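Peer 1: Next comes the sequence, and after it the predicted model I'd like to discuss.
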Amino acid sequence: MSNYQNKPMTQKLYESAPSSREAAKFLTATTLGAALLLLSGLTLTGTVIAVIIATPLMVIFSPILVPAAIATFLAITGFLFSGGCGVAAITVLTWMYNYVQGKHPLGADQLDYARDMLSSTARNMSEKAKEYGEYAQHKAQEVTHGQGS
């Protein structure tokens, strides 16, 4: 600590000064930040001036512009929705084609598992229905034989 105090002031400044690379980074960041801040302010000013100028026009033409904006919004929404449905249909058809061709697309394992579970459940329900039908038929025969005697 005493060694640091014994050094001249210029040597202390030289040792604690940032490197030229750090200084260049700082100056570049500061310059870019100031330029972007200036552009942001100019953009805000231009937007405010445009709103001030356009407000009377918007009030005058609002009976025309509002329905036109709604119609434009609905048309754009309809086109985007139909395009999305078309992309979904093409995706599904491509997946089905790859599945049928045996290329094992993403999700094929889950589909195979669900198909196996569904067929197993259907088979079990069919067996239970057959057993119940035989049971009901047996009970009906008991009742008819019991009444016949």
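Peer 2: Ah, there it is. Since the model is a prediction, treat every value here as computed from it, not as a measurement. Numbers count the residues shown, from 1 in each chain.

Peer 1: Now name the helix or strand holding F26.
Peer 2: F26 is part of helix 20-100, with elements assigned from DSSP states H and E.

Peer 1: Show me the shaky parts of the protein.
Peer 2: Along the chain, the model assigns pLDDT under 70 to residues 1-6, 13, 148-149.

Peer 1: how far off helix 20-100 does the next helix or strand after the helix holding F26 point, in degrees?
Peer 2: Sequence order places helix 108-148 as the next helix or strand after helix 20-100, per DSSP H and E. In terms of direction (axes from the mean of the first three to the mean of the last three CA atoms, to 10 degrees), helix 108-148 departs from helix 20-100 by 40 degrees.

Peer 1: How many residues are close by P8?
Peer 2: 8 (other CB atoms under 10 Å). Bear in mind the C-beta positions are built from the backbone N, C-alpha and C, glycine included.

Peer 1: Check S119 too.
Peer 2: Neighbour tally, S119, other CB under 10 Å: 10.
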